[in-house]
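S.K.: Using only what follows, build the 3D model:
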Amino acid sequence: MIKNYMTESTMSHADFSETRPDLSVVIVSWNTQSLLRDCLASLFESNVHAKLEVFVVDNHSRDGSSEMVETCFPSVRLIRNDHNAGFAKANNQALKLAKGRHVLLLNSDTLVHSGVIDASIDYMDLHPEVGMMGCRVLNGDGTVQKTCSQFPTLTNLFLLTTGLFRVPGLDFAQRYRMDNWQRDDERDVEVVSGCYLVVRSDAMSTVGLLDEDFFFFGEETDWCRRFLAHGYAVRFAPVGTITHFGGGSSKSLSSKRDLMLSEATVRLHRKHGGLVPAAAAWTILLVFNASRFTYWSLQDLLQSSSQSRKMHFRGVVTGFLTAWPKVRQ
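M.R.: Presented below is the predicted three-dimensional model:
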């Protein structure tokens, strides 16, 4: 039996009226039907008292995601794209229509835990200096996910790609991902993950929407940097938790995923630093992927189980010219 959430009392939070919603929730989905259904169900079953409006932007899924939303969640505002518009552009489509005092970017591969929505809204209302905030995020196994980070500067990229961040006791090397922090106290940060990102609507009107030159990856990092540049705080607050399974729309991309991530990182440096930092970032990432290809090629001579990793990094290296950002039309 298909559960229709319009009949549930919790759906009253998504009904539309002339009263401004407290929060506009925006979920972008691409071929994540099962995850999206669970995400929406968790949202509507999480005992939210605030007034919500919920958007789903479907990036031309072929797995029946749109039909599922129409059937099971008829009060959700569904936007169907006739092509994969990318994460930033798809979010912007809903953000342009959102009426909430705050907006929430929520990944389709998440589960919303009880209390976190209302607590997030209350926190934003009590802290007008905060333009963006994130909450505690758990992996599927219940461990803490390392959301929030510093900006991927050249130094941080070097620390990450050389593996120095893994050296015990080398605290400086762990600064990029903030590895020594359990996400259990309030902190100002440079980047909040887009899997759960609450944004003050008035601040968004000043800063602007997501940069659509970022197709998939990097867009929230750029957005956070722009909010900071306008004087707004970007903050982690332990107001509650969500579960983020990770990779919902990108699991099938394999080496293409790594190339898109590298391109986004280089694009960040080109936008915020110029050609020289961008070229340096591109080189650091190329050397890293080439070294991984070399390592797994040598391992493949000893054990055939390394074949898939060797082929993965081979695909990244041979396609690495695409990691240099092009001007999007």
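S.K.: For the stretch 1-150 of the chain, which segments count as strands?
M.R.: Ranges of strands in the stretch 1-150 of the chain, per DSSP state E, counting those that start in this stretch, are 23-29, 52-58, 77-80, 102-106, 110-112, 130-138.
S.K.: Neighbouring strands - and their directions - for the fourth one?
M.R.: Translated: strand 102-106. Strand pairing for strand 102-106, determined by DSSP bridges: strand 23-29 (parallel), strand 196-200 (antiparallel).
S.K.: Show me what counts as buried in the helix or strand of the chain with the lowest mean pLDDT.
M.R.: Using mean pLDDT, DSSP states H and E, helix 307-318 stands out as the lowest-scoring helix or strand of the chain, at a mean of 90. By neighbour count on 16 or more other Cβ atoms under 10 Å, the buried set for helix 307-318 is 309-317. Just so you know, the C-beta spots here come from the backbone N, C-alpha and C atoms, and that holds for glycine as well.
S.K.: before we move on, what about stretch 293-305?
M.R.: In stretch 293-305, counting by 16+ other Cβ under 10 Å, buried: 293, 296-297, 300.
S.K.: what about it, average pLDDT?
M.R.: If you average the pLDDT over stretch 293-305, you get 84.
S.K.: could you turn that stretch into CSV, dropping everything but the C-alphas?
M.R.: C-alpha atoms of stretch 293-305 as CSV (Å, rounded to 0.1, in the frame of the first residue of the first chain):
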residue,chain,number,x,y,z
PHE,A,293,47.4,5.4,-10.6
THR,A,294,51.1,4.5,-10.4
TYR,A,295,50.7,3.0,-6.9
TRP,A,296,47.7,0.8,-7.9
SER,A,297,49.4,-0.2,-11.1
LEU,A,298,52.3,-1.6,-9.2
GLN,A,299,49.9,-3.3,-6.8
ASP,A,300,48.1,-4.9,-9.7
LEU,A,301,51.4,-6.6,-10.6
LEU,A,302,51.2,-8.4,-7.3
GLN,A,303,47.4,-8.8,-6.8
SER,A,304,44.7,-8.7,-9.4
SER,A,305,42.2,-7.3,-6.8
